[in-house]
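> Requesting a structural model of the entry that follows:
(2 chains)
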Amino acid sequence: MSQGGSKTKVANRVVMLGSAAVLAVYSAGFSRTRLAAHKLEVQAALRTPPPAAEMPVPTAPPSSPLAAAPEPAAAREAPVKLAVVAAPVKPVPATPGRVEVEPTASPEPEAPAAAAVPSPYAPPPETKAEPPNPPAAPAPAPTPAPAAATPAPAAPSWKDGTYTGWGSSRHGDIEASVVIQGGRIESASISQCRTRYSCSVIGMLPPEVPQRQSAEVDYVSGATQSANAFYWAVMDALSKAK
Amino acid sequence: MGTIVSIQVVSGSCDAEGAIGDAFAWFHEIEARCTRFDEQSELMQLCARVGEAVPASAILFEAVQFAMAVAEETDGAFDPTVGHRIAARGFDREHRTGRILASAVPVSERPTWRDVHLDPDRRTIMLRCPMILDLGAVAKGLAVDAAARELASFRDFAIDAGGDLYLGGLNPLGEPWTVGIRHPRRHGELIDTLRVSNQAVCTSGDYERGPHILDPRTEGTAQSVASATVVAGGAMLADALATAAFVLGPRDGIELLTRMGVDGLIVTPGMERYETRGVRGAA
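Numbering: from 1, shown residues only, chains lettered A, B, ... in the order given. Sure, this is the predicted structure:
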């Protein structure tokens, strides 16, 4: 067994690895359910259908936000069989990136840890389109949104025109307006904001639609409902542009 | 993981509901990938491909990588490659549902953590010989930590996953959270309470399931500790170290925790307590 000095270095490596691992996993994310509107019991729908595996989705608990929400894992429609494709496994949804919130407990400086973490965005072999986004910057910088220079993937082409669509959430509805020009998404905007909370909280999302040529905008931590509503609104608008 | 998860957010708004749902979703996702009780899980599909460098998801890769690092750090006192030996001892019944998974791995194989090779650049895992990785401790802790990140913006919250806890901020009374440690022998009693804020608390003990924590170094069950509690910045770290400390025994266990810069409390079968210096002031 080695002596104090080098052993302490290894010990700190384990602690750093622990926090780096959580950062990597959290940043990579996974295909999530998107709540359909107006229903307390969740109707789950996948935002991006996974390429090979079929993924029946667990129902989110209708938990009271204030009280403890005991959630017996056995009480869900269970066991949820997520058919996981072993190789290559796709951990990352089509649009990685989350708006990072400040971690409450800051562990060891994450700069070295982040350097040690392999990029969670290594593209799986089949994806021809989007190149990987840069790995999350170490805290406290928020995860950068995909660079504007990122070339958009080969997009399905739409019919030119301006289309609106509605998306609902528990907090209210959002109307999105999408402009198609030359078969591509020219711009998107929130044309009506009927949510209880201001739509400024998702103000960063509309530009992502033309950038990505899709409705696949980022999650917004703390504004899950509004982000979802905007997503569905854009989907609704795009469905009319076929 | 077969555990009951509860999440409490101290919040004045209704915004927490979506985040709580997302937090729960991490448990499903991580269990789906890391459970050894479902031969379709990513882990079990990895175990079926001995000798191959198998591309892994971030979740599985990070869980295995962390587990191996702890194994190396503890010289194998914590070693997730003992999964098949747990199965051989009959502990192969998924303890929530009672499903039994028969292990196809011949018991005579003796893998150790050194037989797991990780390539961070390609994010692949290769098992050099047949084995079943037991990621129960690591996966549960990882799920708690991911869930805690999900709730970080709410500042004051508590996550309890079958005794693996993360306490964020302050409790509803505006004080550090109070965490009781179950008495290893007297049902329904606590042996101690700690006050914590922005820390994970995990306990390894021989409570409900009888002696089940193997000492990977000797093949027998670990005997000299009745319960080991660790307080650390993350649950994955706390859970793995609690398991290792349980195996190492009170003195070596406390030495490990101190070396790792975390706090803890170890109770022997004779009810003697061993503590790190800072465990009382963890809040």
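> and the longest helix for chain B?
The helix spanning the most residues in chain B, taking DSSP state H as the definition, is helix B:16-34.
> which strands and helices sit next to that one?
Packing partners of helix B:16-34 (3 or more Cβ pairs under 8 Å, 6 or more residues apart in numbering or on different chains; DSSP states H and E): strand A:33-35, helix A:224-239, strand B:5-9, helix B:42-47, helix B:58-73, helix B:136-150. Any C-beta I mention is one placed from the backbone N, CA and C, and that applies to glycine too.
> orientation of the next helix or strand after the last one relative to helix B:136-150 in degrees?
What that stands for is helix B:136-150. Moving toward the C-terminus from helix B:136-150, the next helix or strand (DSSP states H and E) is strand B:157-161. Angle, strand B:157-161 to helix B:136-150, by axes from the mean of the first three to the mean of the last three Cα atoms, to 10 degrees: 160 degrees.
> Neighbouring strands of the following helix or strand past strand B:157-161 in the sheet, and parallel or not?
Next along the chain after strand B:157-161, taking DSSP H and E as the criterion, comes strand B:164-168. Strand B:164-168 pairs in its sheet with strand B:157-161 (antiparallel), strand B:199-205 (antiparallel), by DSSP bridges.
> Pipe those into a markdown table and attach mean neighbour count per row.
A markdown table is the format used below for these (neighbours: other Cβ atoms under 10 Å in any protein chain shown):
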| stretch | mean neighbour count |
| --- | --- |
| strand B:157-161 | 24 |
| strand B:199-205 | 26 |
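> and these as JSON lines, adding mean pLDDT?
Below are the strands paired with strand B:164-168 laid out as JSON lines (pLDDT from 0 to 100):
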{"stretch": "strand B:157-161", "mean pLDDT": "92"}
{"stretch": "strand B:199-205", "mean pLDDT": "91"}
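> any chance of these in TSV, with distance to residue B:167 too?
Below are those laid out as TSV (distance: least, Cβ to Cβ, whole Å):
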stretch	distance to residue B:167
strand B:157-161	5
strand B:199-205	6
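> sorry, back to before: out of the helices and strands packed on helix B:16-34, which gets nearest to residue B:130?
Proximity to residue B:130 (Cβ to Cβ) singles out helix B:42-47 among those, at 7.6 Å.
> And the next helix or strand after that closest one, what does it pack against?
Toward the C-terminus, helix B:42-47 is succeeded by strand B:53-55 as the next helix or strand (DSSP H and E). Helices and strands touching strand B:53-55, by 3+ Cβ pairs under 8 Å, 6+ apart, are strand B:124-127.
> what packs against the strand it packs on?
If you count contacts as 3+ Cβ pairs under 8 Å, 6+ apart, strand B:124-127 packs onto helix B:42-47, strand B:53-55, helix B:58-73, strand B:116-119.
> pLDDT weak spots in chain A?
Along chain A, the parts satisfying pLDDT under 70 run over A:1-11, A:31-156, A:170, A:221-222.
> what do you get if the cut-off is 80, keeping everything else the same?
Within chain A, the ranges that satisfy pLDDT under 80 run A:1-11, A:30-157, A:169-171, A:196-198, A:218-225.
> quick one, helices of the stretch 151-283 of chain B?
B:235-248, B:250-259 (DSSP state H, counting those that start in this stretch).
> Point out the most buried one among those.
Mean neighbours per residue, mean count of other Cβ atoms under 10 Å in any protein chain shown, is largest over the helices of the stretch 151-283 of chain B for helix B:235-248, with a mean of 30.
> That concludes my questions; thank you for your assistance.
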